[in-house]
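In: Below: sequence and its predicted model.
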There are 2 protein chains.
Amino acid sequence: MSILVVGTVAFDAIETPFGKIDKIVGGAATYICLSASFFSKKLNIVSVVGDDFPKKAINMLEKHHVNMKGLQIKKGEKTFFWSGKYHNDMNTRDTLDTQLNVLETFNPVVPVEFQASEFLMLGNLMPSVQKKVLNQMTERPKLIVLDTMNFWMDLFMDDLKEALKEVDVLTINDEEARQLSGEYSLVKAAKIILKMGPKYLIIKKGEHGALLFNNNEVFFAPALPLEEVFDPTGAGDSFAGGFIGYLAKTNDISFDNMKRAVINGSAMASFCVEKFGTQKLTEINKDDVDARINEFVNLVQFDILLK
Amino acid sequence: MSILVVGTVAFDAIETPFGKIDKIVGGAATYICLSASFFSKKLNIVSVVGDDFPKKAINMLEKHHVNMKGLQIKKGEKTFFWSGKYHNDMNTRDTLDTQLNVLETFNPVVPVEFQASEFLMLGNLMPSVQKKVLNQMTERPKLIVLDTMNFWMDLFMDDLKEALKEVDVLTINDEEARQLSGEYSLVKAAKIILKMGPKYLIIKKGEHGALLFNNNEVFFAPALPLEEVFDPTGAGDSFAGGFIGYLAKTNDISFDNMKRAVINGSAMASFCVEKFGTQKLTEINKDDVDARINEFVNLVQFDILLK
């Protein structure tokens, strides 16, 4: 099954208690594609960069089975740049600099050959841009996953709610679930959000794991307890990539299979945070991923006999 | 198997965003015993109250299979009193008032018939008092579990470290694990703490679940996602009671059985927080507990086939 991934391709500068890195390739779509490439070899990207974006990075993504035909390269313009600094607890960060550059006028164009992709991952972007991509699909994808953040809720809540009506799975973090629903309890928040359009909701809680809800069921996957979280950047996108990648590979969107997809997403996120930026995701292979899945199995599985 | 429970029996006044209650029966040993009573009918308590403590509460504990012979009732003195107020997130609280009263001079005396109890639960108390109980055991219990808190680390860290040398399982929360070890990463903290004496460490993370460590393995149990957390008071003690109660009932202290015990403890904690104080624990029966264990199974279990 093919996956169309929409989202940013960017430069990041990151500071964590472990060190500092100046200008590395990042962006939601980059992490999603790298992560999904462990499950699917039919990845299509729609995004935009400036002509300062290195050919090497494009080649790297191509090597990871990403069809780059939908990447607009804007002559004389600069790639989106984000800079952030993580606090000691690694759960909170300050944005130091955001230069939208090519993103400011981004008008996504989905190449004809991508318009019937079976799985659609709408990575974190302005909701109206996510909607424009949706509208270009000639066939309703088998599964549409949308990721977003508080920033868009603050500025474009109405646009976001419009987009939500059309998606199957929404992925947000706990604070965003509270903001979107107006409820503090995540169980109550989920009930409200599942009335907004998505049939499934994933609430990402960082080091505290992830919850998957539908109308009747709830599933919880922990984050792997790690000795060091080196750089959390891209963890949520790596999760999303592993999640949709696994679903596309298995071509099964049942709740039971979504549980497995959440575990696979959690495994990919656990790799992502072990090094700066995308580095770790480019070093591991499928055996590493399988070994990590086994760690998750050992972490949570128990057999219990009642009475 | 018999369980000796040492800890406070107290009056609490509690304020949460959902309401306020003035003077109810609480204390670590009360919650531990009530929770453990769902698994064991041989519960022995060692604690102290004043003569203001209601006979009705003593009868209630006796009805829950607690042998009260080790409860000292101090004539003309007052029972330990604690008052606290929870913040909106329910994860943090302010202590409004602490009146040690009978606790100030508490000298625990373990009745002869309790001195060979097979399981020993040293509930949250001054470490030197916990140690005094340990010293009165004629036979080394099959399993010694110790619970403590940051307050004792601040004041009596040396005494606590002495006591830790003799215990099998330590239960503390994430912040306390960081304080005790000097490490932020819980994985690193666990490694250090497991060198201090305990062979097993349980790190309680409240709404984010609990981690069980030994030297080679780690197990994670989530907290049940609840619509409302009404009053978190006693959740950790209810967890401890379910944990040691299940181990005593099954008479199996293998790591695999400890996993099940952690799930049982989590189930008891999930009941505890649904109403003020001990109320919910006195309303439920074993069928309710079994049904809740099933909810935990559904929450975390998945079957995954690699490759």
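Out: Thanks, I have it. Numbering: from 1, shown residues only, chains lettered A, B, ... in the order given.

In: From now on I want contacts and neighbour counts done on CA atoms only, so please keep to that.
Out: Noted.

In: Surely residue A:69 is in contact with residue A:47?
Out: No: using CA atoms under 8 Å as the test, residue A:69 is too far from residue A:47 to be in contact (9.6 Å).

In: Compare these two and say which is more crowded by neighbours.
Out: residue A:47 (27 against 14; other CA atoms under 10 Å in any protein chain shown).

In: which non-adjacent residue is nearest that one?
Out: residue A:71 (4.8 Å; CA to CA, 6 or more residues apart in numbering or on different chains).

In: Next: residue A:66.
Out: Going by CA to CA, 6+ apart, residue A:66 has residue A:43 as its nearest residue, at 4.6 Å.

In: again, but for residue A:29
Out: residue A:7 (4.5 Å).

In: Around chain B, which positions in chain A sit nearby?
Out: By CA under 8 Å from any CA of the partner chain, the part of chain A that sits against chain B consists of A:89, A:184-188, A:208, A:218-222, A:225-228, A:256, A:259-260, A:290, A:298-304, A:306-307.

In: Of those residues, keep whichever come out buried.
Out: A:184-188, A:208, A:218-222, A:225-226, A:259-260, A:290, A:299-302, A:304 (16 or more other CA atoms under 10 Å in any protein chain shown).

In: I'd assumed residue A:48 was in contact with the residue nearest to residue A:47.
Out: Yes: shown here, residue A:71 and residue A:48 form a contact pair, counting by CA under 8 Å, at 5.3 Å.

In: Comparing these two, which shows the higher neighbour count?
Out: residue A:48 (27 against 20).

In: Tell me what the residue of the stretch 101-250 of chain A found nearest chain B is bridged to.
Out: Nearest residue of the stretch 101-250 of chain A to chain B (CA to the nearest CA) works out as residue A:219 at 4.6 Å. Beta bridges link residue A:219 to residue A:212, judged by DSSP bridges.

In: What does the pLDDT read for it?
Out: For residue A:219, the model assigns a pLDDT of 97.

In: what's near enough to touch the residue nearest to residue A:225 when sequence neighbours are not counted?
Out: The shortest distance from residue A:225 to any non-neighbouring residue, by CA to CA, 6+ apart, is to residue B:187 (6.4 Å). Contacts of residue B:187 were listed using CA atoms under 8 Å, 6 or more residues apart in numbering or on different chains, and they are A:225, A:226, A:227.

In: still on that earlier bit, give me the phi and psi angles of the residue nearest to residue A:29.
Out: Reported as degrees, to the nearest 10, the phi and psi values for residue A:7 are phi 170, psi -180.

In: Distance check, it against residue A:256.
Out: 28 Å (CA to CA, to the nearest Å).

In: quick one: secondary structure of the nearest residue to residue A:22 once chain neighbours are set aside?
Out: Leaving aside its chain neighbours, residue A:22 sits nearest to residue A:13 (4.6 Å; criterion: CA to CA, 6+ apart). Secondary structure for residue A:13, judged by DSSP: H, G, I helix; E, B strand; the rest coil, is strand.

In: what's the answer for residue A:170, then?
Out: strand.

In: Pretty sure it sits against residue A:146.
Out: Yes: Residue A:170 lies in contact with residue A:146 (CA under 8 Å); the separation is 5.0 Å.

In: out of the two, which sits in the more crowded spot?
Out: Higher neighbour count among residue A:170 and residue A:146: residue A:146, with 26 against 23, using other CA under 10 Å.
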